[in-house]
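Engineer: coords please:
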Amino acid sequence: MAILLIRHGETDSNRQRIVQLPETPLSERGLEQAELLAARLAGTGVARVLSSDLARARMTAEAVARRSGVPLELDASLQERNFGDLRGHSYRELGIDFMAPGYDPPSGESWEAFHARVNRAWSQVRAASERTDGDLAVVSHGLVCYSLALRHFSLGVHGTETPRSWSNTGVTVVDAGPPWEVRLLDCTAHLDGTDAQAGGVSGL
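Structural biologist: So this is what the prediction gives:
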């Protein structure tokens, strides 16, 4: 059995490099990416989908759950880092490195608070995996993927450098047990040769 960690599909805010608001939906390209992802995973052993409750992740997860005919559970602890007052502003407009170590966004989460929340999310993921008779698909966000890979996964043959950027609908396959070895890292083979591929790696 395995845990499949997936970043949500593209949004217009991704494409425009805007710090996302919580209910930002998938773009047309993001919807296409989600359907291609769902087609890839159908019939592969996914038995449950666990997702962030933010719109962009939820919409991606709904496509996977519908195509595979499996239950979908939402968990707020899988949300993207809360950037507070920065949300809704473009990267260019902000003019700061809001991802820098030690920077705390006004009315948002510090890195320490975010990592602590992702620790709680990881406990929920492990519990969901244990009660699932098959693979667990987990749909979340770029920084959640980064935090989990940095502090909980063994990258093995994928090297020692944890990627900060993760692709829209990229699939990372992790063994469902210690040492949580990564078998496949941020794979977007389902987008190859499609218009949806142009989304690539984008912002938060």
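Engineer: which intervals of the chain have sub-threshold pLDDT?
Structural biologist: 159-160, 198-203 (pLDDT under 70).
Engineer: again, only this time at 80
Structural biologist: The chain contains residues with pLDDT under 80 at 156-161, 197-204.
Engineer: Who are the contact partners of S154?
Structural biologist: P179, W180, E181, V182 (C-beta atoms under 8 Å, 6 or more residues apart in numbering). (Glycine included, C-beta is placed from N, CA and C.)
Engineer: what are the bridge partners for it, then?
Structural biologist: Beta-bridge pairing for S154 (DSSP bridges): E181.
Engineer: what's the spacing between it and A189?
Structural biologist: 22 Å (C-beta to C-beta, to the nearest Å).
Engineer: still on that earlier bit, identify, from the contacts of S154, the entry nearest to A34.
Structural biologist: Nearest to A34 among these, counting by C-beta to C-beta, is V182 at 22.6 Å.
Engineer: So that closest one sits against L150, correct?
Structural biologist: No: contact between V182 and L150 fails when scored by C-beta atoms under 8 Å: they sit 11.8 Å apart.
Engineer: Looking at these two, which has the bigger crowd around it?
Structural biologist: Taking V182 and L150 together and counting by other C-beta atoms under 10 Å, V182 has the greater number of neighbours (20 against 15).
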